[in-house]
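Undergrad: what follows is a protein structure lacking sequence information:
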């Protein structure tokens, strides 16, 4: 099924496909953490989305906390979220989009859109939990027009002792975190997918000043040739 031609109306559009991503416990934990860190992360969300325009796809929109930060220059947002509980929350948040937002139940490895149909794709705290990130990044390149942007904000593999800890516990972390991996080198994966990184910066997102296996983050943008 294709969603690339969907128009923008006064209300958010909801499109449902068959999804196997059901993590009810983790989804509720994710919601609690996102609310607890909302003020801390809000400036990162604004930086992530600043300057976007045209048609944008957000892969793994979660509970939709990015929606209020999209600039008015964005005409349409197609938001992908396969987890039912989080998708329901995203549907509620979609009301802030003024009819620009379409919520789609689909998976990143098989995006329901035509080739070269988007000006930008946003990945925010999602590439850690996608089963096949290489396939997802290939799909993102497919749906982006030439010169289109990938905007990313992700937690990643850290350096030194923390990186060693992340590697040691990653067999357990996905079981506790709904498939989330704490040791992915996402910047390398973006480059290997053929994107040209324009800018990228590292940061540490600690919770209550406590460094955790998901503290190291990157935020940046890359271009599809």
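TA: Received, thanks. Everything numeric here is computed off the predicted structure, so don't read it as measured data.

Undergrad: surely residue 205 meets residue 213?
TA: No: with contact defined as C-beta atoms under 8 Å, residue 205 does not count as touching residue 213 (11.6 Å). (Glycine included, C-beta is placed from N, CA and C.)

Undergrad: how near is residue 108 to residue 73?
TA: In this view, residue 108 and residue 73 are 25 Å apart by C-beta to C-beta, to the nearest Å.

Undergrad: these two - which one has more neighbours?
TA: Neighbours per residue (other C-beta atoms under 10 Å) separate residue 108 from residue 73, with residue 108 holding more: 24 against 11.

Undergrad: chain neighbours aside, what residue packs nearest to the more buried one?
TA: Closest residue to residue 108 apart from its sequence neighbours, by C-beta to C-beta, 6 or more residues apart in numbering: residue 136 at 3.8 Å.

Undergrad: all the helices of this structure, residue numbers only.
TA: With DSSP state H as the criterion, the chain has helices at 24-36, 38-49, 84-93, 133-143, 160-169, 173-176, 186-192.

Undergrad: nearest to residue 121, of the ones you listed?
TA: helix 133-143 (4.8 Å; C-beta to C-beta).

Undergrad: pLDDT weak spots in this structure?
TA: Along the chain, segments meeting pLDDT under 70 span 1-38.

Undergrad: again, 90 this time
TA: Residue ranges of the chain with pLDDT under 90: 1-41, 85, 97-98, 175-179, 205-210.

Undergrad: longest single strand anywhere in it?
TA: Using DSSP state E, we find that the single longest strand of the chain is strand 144-155.

Undergrad: relative to residue 153, how far out is the residue nearest to residue 108?
TA: 15 Å.

Undergrad: next one: the residue of the chain most remote from its centre from residue 211, what distance?
TA: Most distant from the centre of the chain: residue 161, at 27.2 Å, with distances by C-alpha atoms, centre = their mean. Relative to residue 211, residue 161 is positioned 10 Å away (C-beta to C-beta).

Undergrad: same check, this time on residue 224
TA: Look at residue 224 and residue 211: by C-beta to C-beta, they are 34 Å apart.

Undergrad: with residue 200 instead?
TA: In terms of C-beta to C-beta, residue 200 sits 21 Å off from residue 211.

Undergrad: count the neighbours of residue 78 for me.
TA: Look at residue 78: counted by other C-beta under 10 Å, it has 28 neighbours.

Undergrad: pretty sure it is in contact with residue 119, am I right?
TA: No: under the criterion of C-beta under 8 Å, residue 78 is not in contact with residue 119, lying 11.4 Å apart.

Undergrad: shared neighbours, those two?
TA: Shared contacts of residue 78 and residue 119, defined by C-beta atoms under 8 Å, 6 or more residues apart in numbering, comprise 55, 56.

Undergrad: please enumerate residues in contact with the longest strand of the chain?
TA: The list of residues contacting strand 144-155 from outside it, by C-beta under 8 Å, 6+ apart, reads 44-45, 48-49, 52, 116-128, 140, 182, 184, 186, 190, 195, 205, 214-225.
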